[in-house]
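> Attaching a predicted model along with its sequence, questions to come.
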Amino acid sequence: MNIDYRWYWAAGLLGLVLLVYLLQPILSPFLIGMLLAYLGDPLVDRLERKGISRVWGVSLVFALATFLLILMLLILVPLLGSQIVTLKDQVPAMIDWFNNTALPWVQSTLRISLSDFQLADVRETLKDNLGQTGGLLSAILAQATRSTMALLTWVANLVMIPVVGFYLLRDWDQIIVRCRELLPRHREPLVVKLVGECDEVLGAFIRGQLLVMLALGVIYSLGLWLVGLELALLIGMLAGLASIVPYLGFFVGISAALIAAIFQFGDLFHLVAVVAVFGIGQIIESTLLTPLLVGDRIGLHPVAVIFAILAGGQLFGFVGILLALPVAAVVMVLLRHVYQQYKASAAYDRTLLESAQAETDEAASEAREE
């Protein structure tokens, strides 16, 4: 009796999706820990090759990551807080200028009516919201401490992230070997090949692109600081984060920086300097950062990244955002494999079917003659 195992695989996949949906409130620390283990595994493997034990290698990597995180928080949080206060003071003036100067100019030049396009309400809303931004940490803590259970859950999730990440990173190679042993023997080569392609895509995008984002954030922030822009760090970090989609960070950053430069300086020199900062950043990214950190490996298409993140957030919330890129990488690799199979099939090329039919007829003819 032949059993069609495809139904078992389909049922298992459906059950996994249902499980993620039901358990999403508790999955975040496990997924973040898994991401940390995935990002840190290459570095731990290098330390192992130098003769350091796996446990000590994981401990060193976690100690370094913890030190860098604490240092970044101590430096960036106060600076970003002060720049948000500056932004709070500047945004209402920007909106007033747009409402009182830019719109009348557009009306007189293009001879169109924009009387309904008033930004007074927008200005007041932004002013109120930006005024609350400085107390963001206090708001988060207040939300988390509204009840004892909420506080315990919040602290437990925060503590679980490094714990889960440490144990997964320590046993990462063993987990990979155990998973490979569970694969059907006749399908193992194909599955290993597809998983290798998924790892190549994720490695190129997550490990490489995250480092590119960090480097661009530093470059833009430093360059705008040298220009003298008050919001240099805020705009530079925003441009670096937006660089998760190639070229989006450039357009977001240069637009925000030019607007800020107009209101702070109002002269052509500083506008040219801002354009030069982002131009130099793009040159460094294309000639140095991307070839060095990402290489020539095929990453995810920008449209696929945007769709995956939005779809994951819509379906599963924050857990869906964490799962979006790995799932998108797997889907892309599977679609590429299906495309290759289709191109090599008779459904695509009729001559393949005719050739196969001719070989079959020839074999049957030879068999009859014998």
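Yes, it's here. Numbering: from 1, shown residues only.

> OK, contacts around the closest residue to residue 93 other than its chain neighbours?
Excluding its sequence neighbours, the residue lying closest to residue 93 (C-beta to C-beta, 6 or more residues apart in numbering) is residue 263, at 6.8 Å. C-betas here are computed from N, CA, C, even on glycine. Going by C-beta atoms under 8 Å, 6 or more residues apart in numbering, residue 263 touches 90, 93-94, 97.

> 7 Å instead, please
By C-beta atoms under 7 Å, 6 or more residues apart in numbering, residue 263 lies in contact with 90, 93-94.

> before we move on, what about residue 216?
Contacts for residue 216 (C-beta under 7 Å, 6+ apart) come out as 239-240, 243, 249, 281, 285.

> For residue 235, state which of the contacts of residue 263 is nearest.
Set against residue 235, the nearest of those by C-beta to C-beta is residue 90 (11.9 Å).

> how deep is that closest one tucked in, by neighbour count?
Applying other C-beta atoms under 10 Å, we find 17 residues neighbouring residue 90.

> For it, which non-adjacent residue is spatially closest?
Nearest residue to residue 90, sequence neighbours excluded (C-beta to C-beta, 6+ apart): residue 263, at 6.1 Å.

> Distance check, that neighbour against residue 86.
Note on residue 263: its distance to residue 86, by C-beta to C-beta, to the nearest Å, is 11 Å.

> show me what contacts residue 245?
If you count contacts by C-beta under 7 Å, 6+ apart, residue 245 has them with 302, 305-306.

> Can you give me every residue that contacts the residue positioned nearest the centre of the chain?
Centroid check for the chain by C-alpha atoms, centre = their mean gives residue 244 as the closest residue, at 5.4 Å. Shown in contact with residue 244 (C-beta under 7 Å, 6+ apart): 209, 213, 305.

> Do a quick rundown of the strands in the stretch 251-370 of the chain.
Counting by DSSP state E, counting those that start in this stretch, one finds no strands in the stretch 251-370 of the chain.

> Low-confidence bits of it, can you list those?
By pLDDT under 70, the weakly predicted segments of the stretch 251-370 of the chain are 294-300, 346-347, 349-350, 352-370.

> returning to that earlier point: may I see the PyMOL selection of the buried members of the contacts of residue 216?
Restricted to buried positions by 16 or more other C-beta atoms under 10 Å, the PyMOL selection for the contacts of residue 216 reads:
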select buried, resi 239+240+243+249+281+285
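
> Narrow the contacts of residue 216 to those in helices?
Taking DSSP state H as the definition of helices, those contribute 239-240, 249, 281.

> ok, those residues vs residue 42, which is closest?
Closest to residue 42, out of all of the ones in helices among the contacts of residue 216 and judged by C-beta to C-beta, is residue 240, at 22.3 Å.

> That closest one against residue 211, yeah?
No - with contact taken as C-beta atoms under 7 Å, residue 240 and residue 211 are classed as non-touching, separated by 10.8 Å.

> gap between the residue nearest to residue 273 when sequence neighbours are not counted and residue 28?
Leaving aside its sequence neighbours, residue 273 sits nearest to residue 227 (C-beta to C-beta, 6+ apart; 4.6 Å). Remark: distance between residue 227 and residue 28 (C-beta to C-beta) = 39 Å.

> can you map out the strands along the stretch 101-250 of the chain?
Assigned by DSSP E, counting those that start in this stretch, the stretch 101-250 of the chain shows no strands.

> Spell out the residue ranges of the helices in the stretch 151-300 of the chain.
For the stretch 151-300 of the chain, the helices defined by DSSP state H, counting those that start in this stretch cover 172-181, 188-202, 210-227, 232-242, 248-264, 268-284.

> which regions of the stretch 1-150 of the chain lie under the pLDDT threshold?
In the stretch 1-150 of the chain (pLDDT under 70), the answer is 1-4, 112-150.

> And the helices in it?
Counting by DSSP H, counting those that start in this stretch, the stretch 1-150 of the chain has helices at residues 6-49, 54-97, 103-110, 120-133, 136-144, 148-170.

> Residue 320 is nearest to which of the ones you listed?
Counting by C-beta to C-beta, residue 320 lies closest to helix 6-49 out of these; the figure is 7.7 Å.

> Hey, what's the angle from that closest one to helix 210-227? Just curious.
Per axes from the mean of the first three to the mean of the last three C-alpha atoms, to 10 degrees, the angle that helix 6-49 makes with helix 210-227 is 60 degrees.

> Pull the number of nearby residues for residue 176.
Neighbours around residue 176, by other C-beta under 10 Å: 13.

> Residue 182 now?
Counted with other C-beta under 10 Å, the neighbours of residue 182 add up to 7.

> Kindly report the same for residue 69.
As a burial measure, residue 69 scores 10 neighbours (other C-beta under 10 Å).
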